[in-house]
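Participant: I'll drop the sequence and a predicted model, then ask my questions.
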Amino acid sequence: METISVRLRFLTYSRIKGIVLPSHLCRDWGFKNRQRVAISHGQITVHGIIIEEKKQKTGNQVKVTSPLKEALAIPHPGMIHLKHEDGTIRVGPSIGIVTTGIRDGGRAPIGPRSSFFQKLLSAQKGKGVYYFIFSPNDVDWSSNRVYGWFLRSTNKGQYVWKRFWTAMPDVLYDRVPSRAAERQESVKDFKFRVANEQYVPMFNIGFFDKWGVHQRLFPMPEINEFIPETQVAPTLSMLKSMLERYSMVYLKPKDGSLGYGILKIKQIPKGYQLSYHSGAGNVTRRFQKLTKLYQHVFQTRRASNYLIQQGIDLCTYSGRPLDFRVHLHKNVENSWVVSCLAAKVAGVGSVTTHVRTGGMVIPGKELLETLFPDQHHTLEKRVREASIRLANAIEFAYGTNLGELGLDIGIDKKGNIWMFEANSKPGRSIFKHSRLKQADEMSRSLLVDYGRYLANF
Ligand SMILES: Nc1ncnc2c1ncn2[C@@H]1O[C@H](COP(=O)(O)OP(=O)(O)O)[C@@H](O)[C@H]1O
Ligand SMILES: [Mg+2]
C-alpha cells in the first residue's frame with residue numbers, strides 16, 4: 001500500500017491516544033472520524049483514535065497526542081512517513097544502527113567514532129526517517145524500547161546529539177566495530193534475541209572471514225573466474241605445488257585485515273624471496289631452500305590460521321602494483337550499485353596496497369584513464385560488472401541481508417579481473433580523497449535507502 005510523506009507534530013493537551021489526519025487522507029484510506037485503529041512505530045503497536053481534521057483539505061500535517069506519542073515511543077517531530085498496511089497505520093521507517101562503545105557524553109557520545117557516526121546519520125537529511133545509534137545495553141526488552149542517540153539540527157544549522165526513547169526499530173544495521181566487540185555477552189545476547197525472538201531484520205551482520213568467502217564463492221560458475229586458487233592451513237607441499245604453478249603466492253591470515261600478517265613468496269633464479277611489512281618497514285629475505293623459508297615463516301605463525309593463495313601479477317603504476325576498492329550498496333529497489341571505485345597504488349616495496357604501508361588512493365576512473373587511454377571505458381565497465389556479479393553471488397551464498405560491501409579487486413597484466421577480499425564492514429578511508437566526496441555522500445545516502453527498503457516503507 002501507498003506510503004506518504006508527512007510533517008508530524010505533537011499535541012500536548014489531549015488525554016486520548018489519538019492521531020489527527022487531514023480529511024483527504026481519511027478519505028483515501030477509508031477512515032472515519034473517531035474510528036479506532038492499530039498504529040505502529042517500529043516493533044510497537046497500540047490502538048488509537050483517528051481524529052479527522054476537516055479544515056486540512058490538502059496539507060500533509062499529522063498530529064499525534066502526547067499519550068499516543070508516549071505509547072509508541074515516537075522520538076521527535078518532523079518529516080516522516082505514514083503507511084496504511086493491513087488496517088494498521090505505520091509511522092516510520094525507523095532504522096537503528098547497533099554498535100558498542102557508546103558513552104554518556106552529549107558532544108561525542110561514541111568517543112573518537114562520533115564524527116564517523118555523525119556523518120553516517122547526517123545522510124538522513126530530507127529523507128523522512130528515524131535514524132539513530134544505540135548499543136545493546138540501551139534496550140529495554142520488557143517495553144520493546146531503545147534509548148537511542150539521534151542527530152538533530154539546530155536553528156543555526158548545526159548538528160547536536162540528542163538522546164530519546166524510541167521503539168525497537170523496523171530495521172537494524174550492524175556496526176559492531178570489531179570481532180572482539182562481537183564476543184561481548186551483551187552483543188551476543190542482543191543478536192540472539194533480535195534473530196530468534198523479535199525477528200527484526202538486520203543487515204551486514206558480523207564480519208566475513210576470507211576462507212568462508214572462498215569456500216562459498218569458488219564453486220559458483222558465474223564468478224569462479226574472479227576467484228584466485230586458495231587453500232587453508234598451508235603445508236610445505238602445498239606451498240611447493242602452488243609455486244610450481246604460479247611462481248608467486250600470498251600467505252594471509254584467515255581473519256586478517258589492513259594487510260596485517262600478509263606475506264608474499266616469489267620464485268627467483270636461485271631460490272625464493274619472502275616479502276612482508278613489519279612494524280619497522282618492508283622486509284625482503286632470500287632463501288635457497290623452500291623448506292627453510294617455510295620453517296622461518298611458520299616458526300612464529302600458526303599455519304592453521306593462514307590461507308595460501310595464487311599470486312596475481314597485478315598491473316602497475318610507476319612500477320608499483322595497484323588494485324581497486326569497489327564500494328557497493330543496495331539501493332531502495334534492492335539492486336546492487338557501485339558507489340565508489342577507488343584505485344589503491346602500493347607503497348614502494350609493499351606487498352599490499354594499504355595506505356598504512358605507504359599506499360596511495362586515486363579515483364579509479366582517473367587512474368584507468370592515465371594507464372589505459374584507449375581501453376579505460378571497457379576496463380571500468382568490466383570492473384563494475386564483475387563487482388556487481390560478485391556482490392549478487394555473495395548475497396546469494398550467505399543468504400543474509402547485505403546493504404553494503406567493499407571488494408578488493410585486482411586487474412592482472414593480461415587484463416583478467418580478480419577478487420582478493422570481500423568486506424562486510426568496509427572502511428571508509430578511500431572517501432578521504434578530495435575527489436571522492438560525492439561518492440562518500442552517495443554511499444551514506446544509499447545506506448538509508450536500503451534501510452527504508454528493508455523496513456518495507
Ligand atoms: N593473491 C594475491 N595476489 C596479489 N596481490 C594480493 C593477493 N592477495 C592480496 N593481495 C594484495 O594485498 C592486499 C590485501 O589483501 P586482502 O586479501 O585484501 O587482505 P586484508 O584483509 O589485509 O586487506 C590486496 O588489496 C592486494 O593488493
Ligand atoms: Mg583488503
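Facilitator: Looks like it arrived, so ask away. Ligands and ions are numbered 1, 2, ... in the order given.

Participant: Need the residue in this protein that's farthest from the chain's center.
Facilitator: residue 270 (45.8 Å; Cα atoms, centre = their mean).

Participant: Leaving aside the residues adjacent along the chain, what's closest to that residue?
Facilitator: Once flanking residues are discounted, residue 270 sits nearest to residue 288: 6.6 Å by Cβ to Cβ, 6 or more residues apart in numbering. Heads up, the C-betas are built off the backbone N, CA and C, glycines and all.

Participant: And that neighbour, how far from ligand 1?
Facilitator: Look at residue 288 and ligand 1: by Cβ to the nearest ligand atom, to the nearest Å, they are 24 Å apart.

Participant: Same check on residue 448?
Facilitator: With Cβ to the nearest ligand atom as the criterion, residue 448 and ligand 1 are 27 Å apart.

Participant: Also residue 182?
Facilitator: 17 Å.

Participant: can you pull the contacts of that residue?
Facilitator: 176, 188, 206, 207 (Cβ atoms under 8 Å, 6 or more residues apart in numbering).

Participant: Please give me every residue in contact with the closest residue to residue 130 other than its chain neighbours.
Facilitator: Leaving out its chain neighbours, the residue that sits closest to residue 130 by Cβ to Cβ, 6+ apart is residue 94, at 4.2 Å. Applying Cβ under 8 Å, 6+ apart, one finds that residue 94 lies in contact with 41, 42, 129, 130, 166, 167, 169, 170, 171, 455.

Participant: Could you tell me the phi and psi values at residue 94?
Facilitator: Note on residue 94: backbone dihedrals following degrees, to the nearest 10 are phi -110, psi 120.

Participant: Would you map out the domains in this structure?
Facilitator: Residue ranges for the domains of the chain, per the TED database: 2-92, 95-203, 210-226+314-455, 230-310.

Participant: Same list (these) but as CSV, adding mean pLDDT.
Facilitator: Output for the domains of the chain, formatted as CSV (pLDDT from 0 to 100):
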stretch, mean pLDDT
domain 2-92, 95
domain 95-203, 94
domain 210-226+314-455, 96
domain 230-310, 95
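
Participant: so what's the backbone phi/psi at the closest residue to ligand 2 within the stretch 251-400 of the chain?
Facilitator: Nearest residue of the stretch 251-400 of the chain to ligand 2: residue 257, at 6.7 Å (Cβ to the ion). For residue 257, the backbone dihedrals are phi -160, psi 170 (criterion: degrees, to the nearest 10).

Participant: how far away is the nearest residue to it once chain neighbours are set aside from residue 139?
Facilitator: Nearest residue to residue 257 in three dimensions, chain neighbours excluded: residue 423, at 7.8 Å (Cβ to Cβ, 6+ apart). Look at residue 423 and residue 139: by Cβ to Cβ, to the nearest Å, they are 27 Å apart.

Participant: sorry, back to before: what is the burial count for the residue of the stretch 251-400 of the chain closest to ligand 2?
Facilitator: The number of residues packed around residue 257, counting by other Cβ atoms under 10 Å, is 16.

Participant: Same check on the one 3 residues further on?
Facilitator: Burial of residue 260, expressed as a neighbour count using other Cβ under 10 Å, amounts to 14.

Participant: roughly how far apart are it and residue 428?
Facilitator: For residue 260, the distance to residue 428 - Cβ to Cβ - is 19 Å.

Participant: what's the answer for residue 348, then?
Facilitator: For residue 348 relative to residue 428 (Cβ to Cβ), the value is 25 Å.

Participant: same deal with residue 314?
Facilitator: Distance from residue 314 to residue 428, by Cβ to Cβ: 23 Å.

Participant: and what of residue 222?
Facilitator: 29 Å.

Participant: who does residue 50 bridge with?
Facilitator: Beta-bridge pairing for residue 50 (DSSP bridges): residue 19.

Participant: Would you mind listing the residues in contact with it?
Facilitator: 18, 19, 21, 26, 31, 32, 33, 34, 35, 36, 37.

Participant: Surely residue 137 is in a helix?
Facilitator: Yes. According to DSSP: H, G, I helix; E, B strand; the rest coil, residue 137 belongs to a helix.

Participant: Give the full set of residues in contact with residue 181.
Facilitator: 100, 101, 187.

Participant: element containing it?
Facilitator: helix 179-182 (DSSP states H and E).

Participant: Distance from that helix to the middle of the chain?
Facilitator: A distance of 16 Å separates the centroid of the chain from that of helix 179-182, by Cα atoms, centre = their mean, to the nearest Å.

Participant: after that helix comes which helix or strand?
Facilitator: Following helix 179-182 in sequence order, the next helix or strand is helix 185-193 (DSSP H and E).
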